[in-house]
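Colleague: sequence? don't have it. structure:
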Ligand SMILES: [Zn+2]
C-alpha cells in the first residue's frame with residue numbers, strides 16, 4: 001500500500017515536472033507584432049467577476065487617502081478566436097456568490113463580493129465552462145485565480161516567474177506571504193499548465209499577446225487584444241489599479257517591486273502609443289462601469 005502510494009506520488013511528480021519543463025518552449029521568444037500585420041480576434045466580452053470594499057485607499061495610493069474607503073471592480077474578459085475561447089482572469093471564487101459576509105484575501109484590508117457567477121454569465125451567450133479552451137491569468141492574487149478549478153481541461157497560461165514566485169520561500173512582508181499561500185491553494189495543480197517567459201503570442205497570429213508587466217507581483221502580465229473594429233485594447237491585469245495612479249506613476253504598497261512597477265506602467269504607455277491602444281483597468285470601478293458588459297461585446 002505504502003509502496004503503491006509512493007510510486008503514485010513519484011509518477012505525479014514526474015508528470016508535473018514534464019508539464020512545467022516541457023510545455024512552454026513553443027512561444028517563449030515571440031516578439032510583439034507589427035501593428036499593421038497583427039491578426040484579429042473576433043469578440044471580446046467583459047464579465048463581472050466581483051467587487052471589493054477596502055477600508056484604507058492609501059494602501060493603493062501611498063501618501064494620500066489614508067482611512068478612506070474605496071470600492072474596486074473585479075473584471076474578467078472572454079476572447080473568441082476561431083474555435084477557441086480564452087478567459088482572461090477568473091475572478092472571485094464562486095463560493096462567495098451572494099454571501100453577505102463576502103470573501104477575503106487579507107481580511108483586515110479588503111473584502112470581496114460576487115453578485116454574478118462566471119457560469120451564469122457564460123450561459124447568457126450559450127457557453128459552458130467546458131467550452132473554455134484557454135485560461136490566461138494576469139497574476140496569482142486570489143481575486144484573479146479564484147475559479148481556475150472550473151476549467152480542468154483548459155490550457156492555463158501564466159508567466160514562469162509568477163509560478164516560481166508562489167513556490168519560493170516566504171519573505172519579510174507577512175501580507176505577501178499570506179497571498180502566496182492562498183495562491184498555491186487556489187491555483188492547485190492544473191493538468192495543462194503552460195508557463196511562458198515574457199511577451200508571448202497566444203494564437204501565433206499577433207491577435208492576442210501576453211505582455212510581461214512585472215512589479216505588482218514578480219510574474220504579472222497584461223493582455224493586448226486586436227479587434228477588427230475596436231482596434232487594439234490592453235487589459236491591464238494589475239499593472240495599475242486606478243486611472244489616477246497611471247497618470248502619476250503611483251505604486252501600491254502591496255506591490256512586490258516598485259521600480260519594476262513603474263517600468264511596466266511605462267511599457268504600457270509605449271504600447272498604447274505604438275498600437276493606438278485603449279487601456280481597460282481591471283479594478284478601476286469608475287472606468288469599468290462605462291465599458292460594455294456581456295452579452296454586449298467589442299469586435
Ligand atoms: Zn493583484
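Modeller: Ah, there it is. Since this is a predicted model, take the numbers as computed values, not measurements. Numbers count the residues shown, from 1 in each chain.
Colleague: tell me the helices in the protein, going along the chain?
Modeller: Under the criterion DSSP state H, the chain contains helices at 2-22, 118-124, 142-145, 160-166, 174-187, 243-248, 258-275, 285-288.
Colleague: Now do the first one, average pLDDT.
Modeller: Think helix 2-22. Average pLDDT, helix 2-22: 44.
Colleague: which residue packs closest to residue 128, ignoring adjacent ones?
Modeller: Distances taken as Cβ to Cβ, 6 or more residues apart in numbering place residue 122 nearest to residue 128, at 6.3 Å, with adjacent residues excluded. Just so you know, the C-beta spots here come from the backbone N, C-alpha and C atoms, and that holds for glycine as well.
Colleague: Could you show which parts of the stretch 151-299 of the chain are in contact with the ion?
Modeller: residue 238 (Cβ under 5 Å from the ion).
Colleague: so what's the residue of the stretch 151-299 of the chain found nearest the ion up against?
Modeller: Proximity of the stretch 151-299 of the chain to the ion (Cβ to the ion) peaks at residue 238, 3.8 Å away. Counting by Cβ atoms under 8 Å, 6 or more residues apart in numbering, residue 238 touches 138, 139, 141, 144, 216, 217, 220, 282, 283.
Colleague: Need the nearest residue in space to the third one, chain neighbours excluded.
Modeller: Spelled out, that is residue 141. residue 179 (6.0 Å).
Colleague: ok so, going back, let's see the pLDDT reported for the residue nearest to residue 128.
Modeller: The model's pLDDT for residue 122 equals 98.
Colleague: I'd say it and residue 147 touch.
Modeller: No. Using Cβ atoms under 8 Å, residue 122 is not in contact with residue 147, being 11.1 Å away.
Colleague: how close does residue 66 sit to residue 52?
Modeller: Here the criterion is Cβ to Cβ, to the nearest Å. By it, residue 66 lies 18 Å from residue 52.
Colleague: okay, these two: which has more neighbours?
Modeller: Neighbour comparison, residue 66 and residue 52: the larger count goes to residue 52, with 23 against 11 (by other Cβ atoms under 10 Å).
Colleague: Now do the contacts for that one.
Modeller: 71, 72, 74, 92, 110, 111, 112, 113, 143, 283.
Colleague: partner residues bridging it?
Modeller: residue 72, residue 112 (DSSP bridges).
Colleague: how near is it to residue 109?
Modeller: 10 Å.
Colleague: Same check on residue 220?
Modeller: Residue 220 is 19 Å from residue 109, by Cβ to Cβ.
Colleague: Ok, residue 239 next?
Modeller: According to Cβ to Cβ, residue 239 and residue 109 sit 20 Å apart.
Colleague: Now for the residue nearest to residue 128, how many residues are close by?
Modeller: 22.
Colleague: Over to residue 200?
Modeller: Residue 200: 24 surrounding residues under other Cβ under 10 Å.
Colleague: isn't it right up against residue 210?
Modeller: Yes. Taking Cβ under 8 Å as the contact criterion, residue 200 and residue 210 are neighbours in contact, 4.2 Å apart.
Colleague: what residues do these two have in common as contacts?
Modeller: With Cβ under 8 Å, 6+ apart, residue 200 and residue 210 have common neighbours residue 157.
Colleague: since we're on the closest residue to residue 161 other than its chain neighbours, how many residues are nearby?
Modeller: What sits nearest to residue 161 in space, not counting adjacent residues and going by Cβ to Cβ, 6+ apart, is residue 219, at 3.5 Å. Neighbour count of residue 219, defined by other Cβ under 10 Å: 26.
Colleague: Kindly report the same for the one 5 residues further on.
Modeller: Here the number of neighbours of residue 224 (other Cβ under 10 Å) works out to 25.
Colleague: cool, residue 135 as well?
Modeller: 25.
Colleague: on that earlier part again, nearest to the ion among the contacts of residue 52?
Modeller: Distances from the ion to those, taken by Cβ to the ion, are shortest for residue 143, at 6.8 Å.
Colleague: In space, not sequence, find me the middle residue of this protein.
Modeller: residue 138 (2.5 Å; Cα atoms, centre = their mean).
Colleague: Hmm, that residue is touching residue 157, no?
Modeller: No. Residue 138 is beyond contact range of residue 157, at 10.5 Å (criterion: Cβ under 8 Å).
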